[in-house]
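Asker: My questions are about this predicted structure, shown below with the sequence.
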Amino acid sequence: MKTTEATSRGKSLLMSGLLALAGIAFVPPSPDKAAAAPKHSRLAAVYDIRFSGVRLGEFEVWSNVNEESYSLRGKGELKFITRWFFEIKGGTTTAGTVTENGPKPATFAFNFKTKKRRGELAMMFENDSVSYVKANPPFSNSSKTIPVTAAHVKGVLDPLSAIFFTAKATNLNEDGSVCPGRVPVFDGKQRFDLVLSHKKTIQVKKKRRKKGYRGPAVVCRIKYEPIAGYKPDNAGVKFMAATDDIEVWLIEVPKNGMYVPYHVIIPTPYGTASATSTAFHVEIPGFEKFAVVR
């Protein structure tokens, strides 16, 4: 893979990764409350993306869920100023069915473009396994890359469907039950697990003279565990696997037991990336609409 292509794909994966982690702890209402609630729910959120304190851009996320199916989409734009100005735009979509054990994805797509490069990824699922992957430009693997096998891609979620992995949660308490265990993810190239555990509960304070959320947030620690589709000597992968500092902050939507991600922290070898919700709107028929503007 050429250096410029690798750079473009790396920055696009940064966007995709931030989006996935920002949404990965979304928790729909617990079954006892969901039984009393109507069948449809919608979430729209905007996340401010920063790197080492410098604003790069934003991501927007939308979801639509009923008792049988779900669809999700997101889009974003980041601008980097280093030796050269670099701008990248991207979008992602997924759809699938809702089961008692959580989401079951059927399709996933991701695309990005810069002034000089374009890229896209399409993935399909069948019989609880990835059945089709096509990347353009194609992924480049070396002999050192740990191969992805059929067993690796069975029972996995795409990065965006991982938003709903906690759909089966029944006890949303501060003891860590909103940060349940292991989430298997396949992004089209790499197979990895994300392991969530309760870290602490904090009080979020809104900024002076600005509207926004003020109240408790459950902080989940996220451990990244690479499994296949990567080179063991990759410095970035080794750093991410070693760090204990990846976090997602969850805040509860009043009266319906739903948790939404407010803030995400992702350390990298070159600085800390973050995603913070500047606005989100939750709509569940039968409940009052809930909105926060930072």
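Answerer: Okay, I see it.
Asker: Residue 213 and residue 262 touch, don't they?
Answerer: Yes: when contacts are counted by Cβ atoms under 8 Å, residue 213 is listed as touching residue 262 (6.4 Å). Backbone N, C-alpha and C define where each C-beta goes, glycine included.
Asker: Neighbour count for the two, which is higher?
Answerer: Here residue 213 and residue 262 are set side by side on neighbour count (other Cβ atoms under 10 Å), and the busier one is residue 262, at 26 against 18.
Asker: Please enumerate the strands of the chain.
Answerer: Ranges of strands in the chain, per DSSP state E, are 41-51, 54-65, 69-81, 85-99, 102-113, 118-126, 129-136, 182-186, 191-204, 215-228, 247-253, 258-268, 271-283, 290-293.
Asker: Would you convert those into TSV that also reports mean pLDDT and distance to residue 158?
Answerer: Formatted as TSV, the strands of the chain follow (pLDDT from 0 to 100; distance: least, Cβ to Cβ, whole Å):
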stretch	mean pLDDT	distance to residue 158
strand 41-51	87	17
strand 54-65	88	14
strand 69-81	86	9
strand 85-99	86	5
strand 102-113	92	4
strand 118-126	95	6
strand 129-136	96	9
strand 182-186	90	7
strand 191-204	90	12
strand 215-228	91	15
strand 247-253	82	18
strand 258-268	84	17
strand 271-283	86	18
strand 290-293	67	27
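Asker: any common contacting residues for residue 213 and residue 262?
Answerer: Taking Cβ atoms under 8 Å, 6 or more residues apart in numbering as the contact criterion, the residues that touch both residue 213 and residue 262 are 204, 251.
Asker: Beta-bridge partners for residue 61, please?
Answerer: Under DSSP bridges, the beta-bridge partners of residue 61 are residue 45, residue 74.
Asker: Surely it and residue 71 touch.
Answerer: No: distance between residue 61 and residue 71: 11.8 Å, which falls outside the contact criterion (Cβ under 8 Å).
Asker: more crowded one of these two?
Answerer: residue 61 (24 against 15).
Asker: so how far is residue 80 from that one?
Answerer: Taking Cβ to Cβ, to the nearest Å as the criterion, residue 61 is separated from residue 80 by 22 Å.
Asker: Could you do residue 198 as well?
Answerer: Residue 198 sits at a distance of 34 Å from residue 80 (criterion: Cβ to Cβ).
Asker: now swap in residue 93 and tell me
Answerer: Computed with Cβ to Cβ, the distance linking residue 93 and residue 80 is 25 Å.
Asker: hang on, the earlier thing: okay if I get the strands of the chain as JSON lines plus distance to residue 143?
Answerer: Shown next, in JSON lines, are the strands of the chain (distance: least, Cβ to Cβ, whole Å):
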{"stretch": "strand 41-51", "distance to residue 143": "33"}
{"stretch": "strand 54-65", "distance to residue 143": "35"}
{"stretch": "strand 69-81", "distance to residue 143": "32"}
{"stretch": "strand 85-99", "distance to residue 143": "30"}
{"stretch": "strand 102-113", "distance to residue 143": "26"}
{"stretch": "strand 118-126", "distance to residue 143": "23"}
{"stretch": "strand 129-136", "distance to residue 143": "19"}
{"stretch": "strand 182-186", "distance to residue 143": "21"}
{"stretch": "strand 191-204", "distance to residue 143": "18"}
{"stretch": "strand 215-228", "distance to residue 143": "14"}
{"stretch": "strand 247-253", "distance to residue 143": "36"}
{"stretch": "strand 258-268", "distance to residue 143": "27"}
{"stretch": "strand 271-283", "distance to residue 143": "31"}
{"stretch": "strand 290-293", "distance to residue 143": "49"}
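Asker: so which of those strands gets nearest residue 149?
Answerer: Between residue 149 and the strands of the chain, the shortest gap by Cβ to Cβ is with strand 215-228, which sits at 7.0 Å.
Asker: Who are the packing partners of that closest one?
Answerer: strand 191-204, helix 235-242, strand 247-253, strand 258-268 (3 or more Cβ pairs under 8 Å, 6 or more residues apart in numbering; DSSP states H and E).
Asker: Now for residue 291, how many residues are close by?
Answerer: What residue 291 shows, counting by other Cβ under 10 Å, is a neighbour count of 12.
Asker: Spatially nearest residue to residue 205 (excluding sequence neighbours)?
Answerer: residue 214 (6.0 Å; Cβ to Cβ, 6 or more residues apart in numbering).
Asker: and the one you found, backbone torsions?
Answerer: The phi and psi torsions at residue 214 (degrees, to the nearest 10) take the values phi -140, psi 120.
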